[in-house]
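Engineer: attaching a predicted model along with its sequence, questions to come.
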Amino acid sequence: MGGLEEPAAAFLSQVRVELLGNRQAVVEGCRGIIEYSDSCIRLSTPRLILKFTGTGLEIKALTDTSAIVEGTILSVEYS
């Protein structure tokens, strides 16, 4: 592998967000919860913060490295 391929592969493997319509988001690479309410959930990842806004939001599952957010997801932002 070339030198340019390894850093890109390492970055991509750290955080993965899979949206299932606007009803569920599966986040792999989650390190913890920063904010939690039924209208806003912010999750910490190794390199950024993910913010979900919507209605009826809840975390259905949480492990050391992943989270499942359910509800009506209106937006996903990262910073």
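Structural biologist: Happy to help now that I have it. Keep in mind the model is a prediction, meaning the values are calculated, not measured.
Engineer: CA only for contacts and neighbour counts going forward, please
Structural biologist: OK.
Engineer: which ones are touching the residue nearest to the spatial centre of the chain?
Structural biologist: In the chain, the centroid-proximal residue (C-alpha atoms, centre = their mean) is Val27; its distance is 3.8 Å. With contacts defined as C-alpha atoms under 8 Å, 6 or more residues apart in numbering, Val27 is in contact with 15-18, 66-68.
Engineer: pairing partners for the strand or helix carrying it, with directions?
Structural biologist: Using DSSP states H and E, the element containing Val27 is strand 24-28. Applying DSSP bridges, strand 24-28 is found paired with strand 16-20 (antiparallel), strand 66-78 (antiparallel).
Engineer: deepest-packed of those strands, please.
Structural biologist: strand 66-78 (a mean of 17; mean count of other C-alpha atoms under 10 Å).
Engineer: among the contacts of Val27, which pair sits farthest apart?
Structural biologist: Val15 and Ile68 (13.3 Å; C-alpha to C-alpha).
Engineer: point out where the chain drops to low pLDDT.
Structural biologist: 1-13 (pLDDT under 70).
Engineer: quick check: what element follows the strand holding Val27 along the chain?
Structural biologist: Trace forward from strand 24-28 with DSSP H and E and the next one is strand 32-36.
Engineer: how far does the helix or strand just after that following strand sit from the chain's center?
Structural biologist: Toward the C-terminus, strand 32-36 is succeeded by strand 40-44 as the next helix or strand (DSSP H and E). Centroid displacement of strand 40-44 relative to its chain, using C-alpha atoms, centre = their mean, to the nearest Å, is 8 Å.
Engineer: cool, and stretch 64-79?
Structural biologist: That offset, for stretch 64-79, works out to 5 Å (C-alpha atoms, centre = their mean).
Engineer: got a list of contacts for it?
Structural biologist: Residues contacting stretch 64-79 (C-alpha under 8 Å, 6+ apart): 22-32, 48-62.
Engineer: nice, that's everything, thank you.
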